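**Q** Whatever this is, show me its structure:
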Amino acid sequence: MRQRHSLLPRPALTNPSLLAATVASLGRRAASRQDLWRLLTESYTVDLDAVAAMLPPADPEPVWLPSKS
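**A** Residues are numbered from 1 along each chain as shown. Now for the predicted structure:
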C-alpha cells in the first residue's frame, strides 16, 4: 500500500476498462462501499464521476409517508 504522505504522484486511471478492472479488484477486498472509495482514491487519481457511473446504485433510504387518519 502506498504511503499517505508520499510526495510521489499517484498513477492516473483514465482508460475505462482499466478503471473497471481496478474497481472490481478493489471491490473484492473492500469491506464496504466507503472502503472501496478510500482504497481507490488513496492509490490512484481517478475521475470520480466515471467511477460512480460504474458502481451499482446504492439503495435509497425508504421515505416514510405520514399516515392518513
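**Q** count of residues packed around Asp49?
**A** By the criterion of other CB atoms under 10 Å, Asp49 has 8 neighbours. Bear in mind the C-beta positions are built from the backbone N, C-alpha and C, glycine included.
**Q** How much space separates it from Leu55?
**A** For Asp49, the distance to Leu55 equals 11 Å [CB to CB, to the nearest Å].
**Q** Which secondary structure element is home to the residue nearest to the spatial centre of the chain?
**A** Within the chain, one residue has its C-alpha closest to the average C-alpha position: by CA atoms, centre = their mean, that is Trp37, at 3.4 Å. Using DSSP states H and E, Trp37 falls within helix 33-43.
**Q** try Leu18
**A** helix 16-29.
**Q** Ala53: neighbour count?
**A** Number of residues near Ala53 (other CB under 10 Å) recorded here: 9.
**Q** Look up the pLDDT of it for me, please.
**A** On the pLDDT scale, Ala53 is placed at 84.
**Q** Any figure for the gap between it and Ala24?
**A** Computed as CB to CB, the Ala53 to Ala24 distance reads 14 Å.
**Q** before we move on, the earlier item: pull out the buried positions in the helix holding Trp37.
**A** Using 16 or more other CB atoms under 10 Å as the test for burial, helix 33-43 gives Leu36, Trp37, Leu39, Leu40.
**Q** what's in contact with that helix?
**A** Applying CB atoms under 8 Å, 6 or more residues apart in numbering, the external contacts of helix 33-43 come out as 1-2, 4, 10-11, 22-23, 26-27, 29-30, 46, 48, 51, 55, 58.
**Q** quick one: average pLDDT of it?
**A** Computed over helix 33-43, the mean pLDDT rounds to 89.
**Q** again with stretch 9-16
**A** Mean pLDDT, stretch 9-16: 87.
**Q** What is the end-to-end distance of that stretch?
**A** Taking CA to CA, to the nearest Å, the first and last residues of stretch 9-16 lie 20 Å apart.
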